[in-house]
Every structure is written in structure tokens, then in C-alpha cells.
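Asks: need a structure here:
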Amino acid sequence: MLPHEKALVKRLANEPFALLGMNTDSENVEALNKRFKEDGLNWRHAILGPPSKAAIPTKWNVQGYPTLYLVDAKGIIRKFWLGSPGDEAIDAEVDALVAEAKTK
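Replies: Residues are numbered from 1 along each chain as shown. This is a model prediction of the structure:
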């Protein structure tokens with residue numbers, strides 16, 4: 001998914017769009033930040049710690065990974081995927097919400 005996320009962030013750089021990442025890997029923060037920097041991850045992300053101890057995945061009822069939430073400009077969850085639906089499906093849903101945000 002990382003190559004698609006990079007392309008999405010680049011393509012929508014001047015649009016009302018933000019990508020936020022959350023990681024529940026058990027690696028230490030320094031190792032993950034180093035890996036993210038090496039991979040060119042340039043969007044905001046949070047390192048939450050192991051899934052069993054991370055509050056956000058529990059509150060959001062995350063059942064597996066990746067879990068994707070598409071949130072609109074008002075903060076309303078408009079789409080949810082457990083597992084990737086594929087790049088084309090993500091692009092279509094994101095583009096529709098960006099277009100919607102631009103009309104308001």
C-alpha cells in the first residue's frame with residue numbers, strides 16, 4: 001500500500017486532503033521513525049505501540065490490518081475497509097470526497 005499512499009499524497013498535495021497513519025507495530029519508536037523516513041513517508045503518523053495496548057484500535061473496533069477509514073471534511077466516517085479494497089476503489093472514494101469538500 002505504501003507506493004499508492006505516496007502517489008495519493010503527491011497527487012492531492014494542493015487539495016483539501018490529508019492522509020493520517022497509525023501504526024501498531026511492536027518495534028520501538030526510533031526504529032519505526034527511521035524506517036518511515038527511509039521509505040519516504042511524509043505524512044503525519046502515530047506510533048501507538050502493540051495492538052493489545054493501543055487505545056485507538058480498541059476504541060475504533062479494529063479487527064485486522066490494514067484497516068482504512070475515509071473521513072470527510074466534517075470529521076464523519078464515510079467509508080470503512082478491513083483490508084485494502086484496491087487502489088482504484090480508494091482513489092474513486094477519495095476523489096469524490098475531495099470534490100465534495102471543494103464545493104463547500
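Asks: Just confirm residue 99 is within a helix.
Replies: Yes: Residue 99: assigned to a helix according to DSSP: H, G, I helix; E, B strand; the rest coil.
Asks: how close does it sit to residue 15?
Replies: 9 Å (CB to CB, to the nearest Å). From N, CA and C alone the C-beta is placed, and that goes for glycine too.
Asks: now residue 59
Replies: The gap separating residue 59 from residue 15 is 29 Å, by CB to CB.
Asks: neighbour count winner among the two?
Replies: Looking at residue 59 and residue 15 with other CB atoms under 10 Å, you find the greater number of neighbours at residue 15, namely 13 against 8.
Asks: In three-state terms, label the more buried one for me.
Replies: Under three-state DSSP, residue 15 falls in the coil class.
Asks: And for the residue lying closest to it once chain neighbours are set aside, the neighbour number?
Replies: Residue nearest to residue 15 in three dimensions, not counting chain neighbours: residue 98, with 5.0 Å by CB to CB, 6 or more residues apart in numbering. By the criterion of other CB under 10 Å, residue 98 has 15 neighbours.
Asks: So for residue 98, what's the pLDDT?
Replies: Confidence at residue 98, expressed as pLDDT, is 96.
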